[in-house]
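Enquirer: mind looking at a prediction? Sequence and model below.
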Amino acid sequence: MAARRKRSKQTKAQREFVSEAEEILDRLCTDLAELQSQREEGDGDVDPDVVNSAFRSAHSLKGLAGMVGHDAMAELAHRLEDVLDGVRMSRVGLDSPALPIVDQIIALSTELLASGIESSGSDVERVAEVLARLDVALTDSPVDESKPEPELDIDPSMLAALTEYEEHRLGENVRKGRHLSLVETNFELASFEEGLSELSTAIREVGEVVSTLPSPGAAPESQLRFSLLAATTVAADQLLERLDFPDTTVRIVLEGSGPDVVSEQEAGRAEVSESVPLAPEASDFESLKSVSDSVRVDIRKLDELMTLVGELVIVRGSVAAIANRLTHDGATQRIGAELAKVHKQLDRKLKELQTGVLEVRMVPLRQVFQKLSRVARRLERDLGKRVELDFVGGDTELDKLIVEELVDPLVHLIRNAIDHAIEPADERHAAGKPEVGAISVVASQRGNHVVIEIRDDGRGIDASVVRQHAEASGLIAAETVLSDKEVLSLVFEPGFSTRSEVSETSGRGVGMDVVRSNVTRLGGMVDLDSRVGRGTVTTLTLPITLAIVQALLVETGGQRFAIPLNSVLETLLVDEASIQRSEGRELLNLRGEPLPLRRLSDEFGLESVPSEGGLCAVVLGLGELRMGLLVDALIGQQDAVIKPIQGPVRQVRGIAGATEIGDEGAVLVLDVSSFVEDTVRRKDAA
């Protein structure tokens with residue numbers, strides 16, 4: 001029993017380690033992407049806040065991995081910490097060949113994280129290999145020794161209180177010719193953390209906070225006095241005007257003369273002090289209060305909670321049915337009315353609970369974008385191409401499970417864009433394009449769906465070439481009539497590829513079919529638009545969540561089906577005489593626009609039995625695509641918990657799963673994305 005409890009604790013500790021380490025690696029990716037952007041700007045300067053954040057993340061990862069005994073990851077994090085320390089101390093420049101190796105270290109760390117704490121022999125070899133490459137890169141890194149250490153005209157007691165890094169930052173700011181000022185102020189004990197943060201933020205708008213130390217000056221009992229050594233581009237009086245804090249003084253300790261400093265408008269107002277002593281010893285004031293208000297929760301627990309909410313939704317439907325029967329029976333009408341009131345209260349509270357659980361499951365797409373940025377940088381190096389990757393809409397939220405399943409499709413699309421679409425620099429130059437290719441990933445919410453567009457300015461896809469390969473591989477016959485849109489959709493067929501050679505990046509005939517299958521499995525769809533020589537746009541349309549959804553119940557051939565309401569635009573009665581036919585398709589004139597129609601009875605071999613009012617058309621929409629689904633009758637709306645169909649029954653296209661509707665048993669849920677996609681692609685012979 002004790003051994004079982006020990007294993008349970010170890011498993012829980014491992015899960016917590018994986019979760020926290022993943023967050024640290026995500027932060028590292030974000031900071032390294034920012035450093036990469038600074039390198040491309042070419043000014044050679046390093047944002048100390050960014051590089052310090054990356055350094056702290058590496059340090060935290062090293063300690064975390066060491067605590068759980070993950071020796072391989074601890075070694076990687078240790079070396080990563082050394083490199084980032086070299087960057088922040090200017091021993092390693094942004095142009096160093098060691099920085100691309102850092103991306104490889106993070107990628108390897110992510111793989112090790114997925115494989116567990118125990119390191120295999122191959123893991124050890126891979127770690128040794130990447131660290132050997134890092135050693136070579138660091139040896140080849142140029143060390144700039146052309147900058148002599150400045151002679152600082154500052155009191156030695158001040159320098160004695162600085163750490164090595166703070167002294168380095170002080171020297172860097174002196175080289176830039178910035179003003180060095182000492183800012184002193186008092187903070188209330190109860191709010192000194194907030195006050196110190198606000199003051200530091202205000203100083204960073206015009207410079208950098210080199211050091212923050214408690215001040216030996218006198219202060220009331222309820223207050224703390226702090227000194228901030230600041231390097232700024234503005235003079236003391238101008239800095240003081242920016243700091244809206246009472247009892248604050250600013251004194252110059254070293255006059256700056258760099259090109260970016262702002263000249264003093266009234267030099268006499270600044271009090272110059274050649275020797276300003278600081279506290280002889282620096283002590284760190286740490287708050288034991290957690291900075292974050294968030295709680296890390298295992299997604300499996302949220303799944304269990306959502307399952308329970310789904311069961312309650314089914315119970316709520318049963319209660320409503322019972323209340324309805326009791327109300328319509330004269331002998332139990334009073335009891336039925338009371339039960340109906342209870343049902344309304346239950347319905348309101350359950351909807352609040354459902355909304356709360358869904359909000360907890362939602363995560364921003366920024367998490368995926370950070371991973372894509374790392375993939376793109378690695379592909380740039382491997383393929384020798386320069387690509388600018390731009391992300392828009394990182395705050396757009398999706399269900400956590402959808403986000404996880406979305407990673408692979410997006411990686412495939414980014415890989416294909418860089419490998420296939422973006423031309424080499426000389427080819428782009430000949431075509432009159434910038435040598436740096438452009439890829440953008442834009443996410444936005446449209447109603448109950450999220451639309452993600454992946455755009456590139458590459459060579460585009462030639463529909464005639466796609467058709468030739470499709471005919472050669474037997475996907476279509478030579479006499480088949482297809483529009484350019486339908487031809488382009490063939491790239492999503494399994495095994496299709498226009499690449500004759502196989503590379504390490506792509507060209508194996510896999511990838512785009514994975515994109516469509518994964519997105520379709522999530523209840524979404526993929527659309528492709530391309531112009532030769534101008535670029536390609538791939539659009540993914542996805543539901544925000546796959547958990548509890550509102551559904552429209554319909555009936556056809558005596559069978560009931562559920563349609564997710566987030567894809568229903570409108571419903572209307574249709575007379576058979578108003579249905580038009582063109583090239584073997586049924587169409588409906590909907591306010592001047594042709595609406596393609598499909599009969600639900602034909603899809604599943606049922607005998608349609610329309611009501612006296614005629615057929616009902618359910619207008620479905622995904623993104624910009626529209627279609628009408630003809631059914632016998634509309635039953636009403638119902639909350640549905642979509643569950644996959646398990647067992648020996650094979651997957652049927654057009655069926656997303658099943659749900660329980662009160663006492664009526666299981667009802668099949670239609671896969672709207674497959675209906676809309678098939679309608680758009682279908683071009684039957686007349």
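Expert: Sure, I can see it. Numbering: from 1, shown residues only.
Enquirer: average pLDDT for stretch 400-408?
Expert: Regarding stretch 400-408, the rounded mean pLDDT is 84.
Enquirer: buried residues in it, which are they?
Expert: In terms of neighbour count (16 or more other CB atoms under 10 Å), stretch 400-408 has its buried residues at Lys400, Leu401, Ile402, Val403, Glu405, Leu406. For the C-beta atoms, the positions are set from N, CA and C on the backbone; glycine is no exception.
Enquirer: just the CA trace of it, in CSV.
Expert: Only the C-alpha atoms of stretch 400-408 are listed here, as CSV (Å, rounded to 0.1, in the frame of the first residue of the first chain):
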residue,chain,number,x,y,z
LYS,A,400,-8.0,23.6,-24.9
LEU,A,401,-8.6,20.2,-26.6
ILE,A,402,-9.2,21.9,-30.0
VAL,A,403,-6.0,24.0,-29.5
GLU,A,404,-3.9,20.8,-28.9
GLU,A,405,-5.3,19.1,-32.0
LEU,A,406,-4.7,22.2,-34.0
VAL,A,407,-1.0,22.2,-33.5
ASP,A,408,-0.1,19.5,-36.1
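Enquirer: contact partners of it?
Expert: 299, 302-303, 361-363, 365, 367-368, 371, 398, 452, 514, 518-519, 521-522, 540, 542-546 (CB atoms under 8 Å, 6 or more residues apart in numbering).
Enquirer: try 7 Å this time
Expert: Ile299, Arg361, Val363, Leu365, Gln367, Val368, Lys371, Val514, Asn518, Leu522, Leu542, Leu546 (CB atoms under 7 Å, 6 or more residues apart in numbering).
Enquirer: roughly how far is it from the heart of the chain?
Expert: Distance, stretch centre to chain centre, for stretch 400-408: 9 Å (CA atoms, centre = their mean, to the nearest Å).
Enquirer: just to revisit the earlier point, any chance of the contacts of stretch 400-408 in a markdown table, with pLDDT and neighbour count too?
Expert: Output for the contacts of stretch 400-408, formatted as a markdown table (pLDDT from 0 to 100; neighbours: other CB atoms under 10 Å):
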| residue | pLDDT | neighbour count |
| --- | --- | --- |
| Ile299 | 72 | 14 |
| Arg361 | 81 | 23 |
| Val363 | 83 | 17 |
| Leu365 | 87 | 23 |
| Gln367 | 78 | 19 |
| Val368 | 84 | 22 |
| Lys371 | 78 | 18 |
| Val514 | 80 | 15 |
| Asn518 | 82 | 19 |
| Leu522 | 80 | 21 |
| Leu542 | 87 | 27 |
| Leu546 | 68 | 21 |
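Enquirer: so of those, which two are at opposite extremes in space?
Expert: By the measure CB to CB, Arg361 and Val514 form the most distant pair in the contacts of stretch 400-408, at 24.5 Å.
Enquirer: what's the neighbour count on Ser197?
Expert: Look at Ser197: counted by other CB atoms under 10 Å, it has 10 neighbours.
Enquirer: list the buried residues for the helix or strand containing it?
Expert: Ser197 belongs to helix 192-204 when elements are defined using DSSP states H and E. Under the neighbour-count criterion of 16+ other CB under 10 Å, helix 192-204 has Phe192, Gly195, Leu196, Leu199, Ser200, Ala202, Ile203 buried.
Enquirer: pull it out as PDB, backbone CA atoms only.
Expert: Provided in PDB are the C-alpha atoms of helix 192-204 (Å, rounded to 0.1, in the frame of the first residue of the first chain):
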ATOM      1  CA  PHE A 192       5.500  49.300  -1.300                       C
ATOM      2  CA  GLU A 193       5.500  46.500  -3.900                       C
ATOM      3  CA  GLU A 194       2.800  48.200  -6.000                       C
ATOM      4  CA  GLY A 195       4.500  51.600  -5.600                       C
ATOM      5  CA  LEU A 196       7.900  50.300  -6.500                       C
ATOM      6  CA  SER A 197       6.500  48.600  -9.600                       C
ATOM      7  CA  GLU A 198       4.800  51.800 -10.700                       C
ATOM      8  CA  LEU A 199       7.900  53.900 -10.200                       C
ATOM      9  CA  SER A 200      10.100  51.400 -12.000                       C
ATOM     10  CA  THR A 201       7.700  51.300 -14.900                       C
ATOM     11  CA  ALA A 202       7.700  55.100 -15.200                       C
ATOM     12  CA  ILE A 203      11.500  55.200 -15.300                       C
ATOM     13  CA  ARG A 204      11.700  52.500 -17.900                       C
END
